[in-house]
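Enquirer: Here's my sequence, what's the structure:
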Amino acid sequence: MKKILIISLIVVFIILGMIWGINYRALKEIDTSKLDALEYTNYADDIGEGKVQLNWKYIAAITAVQSKNKIEQVTEEQIKQIGQAFIIKEDNGYKLKSLEDVLTQLNFNNREKKRVHTYLEQLEYFGIVPESVAKDSEQMNFINNIKGSAIENYKKYGILPSITIAQAILESDFGRSDLAIKGSNLFGIKADANYSGEKIKFETKEFHDLVIEDDFRKYDNSNQSIDDHGKFLYSNERYKENGLFEAKTYIGQAKALEVAGYSTEEDENGEKIYSKKLIQLIKEYNLQLIDSQLKENS
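Expert: The predicted structure follows:
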């Protein structure tokens with residue numbers, strides 16, 4: 001009888017161990033096959049619109065832990081609740097709550113907090129188009145090379161890093177355009193009659209299909225280009241008048257740039273498309289996360 005009891009206990013422990021092992025493996029890595037990055041990105045943008053820039057990866061990692069990695073079962077309401085937990089309303093506006101504060105507010109234990117951070121590490125190179133944010137890709141190397149200057153540009157002039165980087169990508173094709181290579185001009189800023197610096201002449205596309213030759217500003221390096229970009233926007237009244245510096249998120253600033261006439265580019269139907277292009281780039285390369293992390297640490 002004693003022998004049977006011992007064997008039974010051993011079997012129970014083996015079964016429990018197997019269950020624990022299965023659960024551990026199921027929770028060890030976030031299930032990105034079920035994670036819709038675009039959906040979480042759009043939810044984060046909608047929840048924080050006009051207030052703060054939320055980090056969609058924070059929301060995804062938290063909901064993954066809450067759902068025990070069954071991300072497909074997470075509801076819209078759960079996502080919104082987590083997103084709203086990051087927003088603090090103050091007398092003079094809104095502020096972004098830190099990840100640690102939110103985890104504490106949600107009563108996460110140490111194991112759950114650790115799992116959130118583990119999931120975030122696994123999401124570092126994950127996005128709407130995973131290959132676009134691949135580690136050490138030409139695109140990400142360009143972004144990382146100008147990221148520091150874009151952050152300094154924000155501190156000095158108020159242009160969000162995501163906007164600065166997205167404009168540089170769009171205007172210079174990740175630094176590969178002739179204007180970027182020969183003139184270190186990442187933003188296609190023209191040299192008007194009031195500009196006294198060096199100039200370089202290039203062809204440019206206006207509206208849908210009109211190509212003209214014009215003078216552009218020439219710089220010694222990309223850092224000068226980024227600084228002058230911020231100064232150019234900050235010193236032009238039309239950008240202030242159209243709400244560029246009042247916008248709290250990249251979507252607001254992208255639309256303000258378009259309305260203020262930064263670009264005249266249109267599609268075949270005569271619709272302005274500049275802000276759409278910027279927004280698409282920012283989402284694809286997770287550039288808005290730079291804005292969010294900057295605000296979280298401020």
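Enquirer: now stretch 256-276: mean pLDDT?
Expert: Per-residue pLDDT values over stretch 256-276 give a mean of 89.
Enquirer: could you show me where the helices are in the stretch 51-200 of the chain, in order?
Expert: 56-66, 76-85, 99-105, 110-122, 138-157, 161-172, 178-183 (DSSP state H, counting those that start in this stretch).
Enquirer: Identify all contacting residues around the shortest one.
Expert: Spelled out, that is helix 178-183. With contacts defined as Cβ atoms under 8 Å, 6 or more residues apart in numbering, helix 178-183 is touched by 172-173, 175, 185-186, 188, 200, 202, 216-219, 222. No exception for glycine: its C-beta is placed from N, CA and C like everyone else's.
Enquirer: ok, now the first one?
Expert: Counting contacts by Cβ under 8 Å, 6+ apart, the residues outside helix 56-66 that touch it are 30-31, 35, 37, 40-41, 43-45, 71, 74, 78-79, 82-83, 86, 99, 102-103, 106, 108, 112, 115-117, 119-120, 123, 126, 286, 289.
Enquirer: Buried ones among the residues you listed?
Expert: For the contacts of helix 56-66, a neighbour count by 16 or more other Cβ atoms under 10 Å gives the buried set as 30, 35, 37, 40-41, 43-45, 71, 74, 79, 82-83, 86, 99, 102-103, 106, 108, 115-116, 119-120, 123, 126, 286, 289.
Enquirer: What mean pLDDT does stretch 56-73 get?
Expert: 96.
Enquirer: Just the buried residues of it, please?
Expert: 56-67, 69, 71.
Enquirer: Output those residues as CSV; include the columns distance to residue 195.
Expert: Shown next, in CSV, are the buried residues of stretch 56-73 (distance: Cβ to Cβ, whole Å):
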residue, distance to residue 195
56, 40
57, 41
58, 43
59, 44
60, 45
61, 47
62, 49
63, 50
64, 51
65, 53
66, 55
67, 56
69, 56
71, 52
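Enquirer: Max pairwise distance over those: which two?
Expert: By the measure Cβ to Cβ, 56 and 69 form the most distant pair in the buried residues of stretch 56-73, at 17.4 Å.
Enquirer: one step back: any chance of TSV for the helices of the stretch 51-200 of the chain, columns distance to residue 280?
Expert: Converted to TSV, the helices of the stretch 51-200 of the chain look like this (distance: least, Cβ to Cβ, whole Å):
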stretch	distance to residue 280
helix 56-66	15
helix 76-85	21
helix 99-105	27
helix 110-122	24
helix 138-157	14
helix 161-172	9
helix 178-183	20
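Enquirer: Which one of those helices lies nearest to residue 261?
Expert: When the helices of the stretch 51-200 of the chain are compared by Cβ to Cβ, helix 161-172 sits nearest residue 261, at 14.1 Å.
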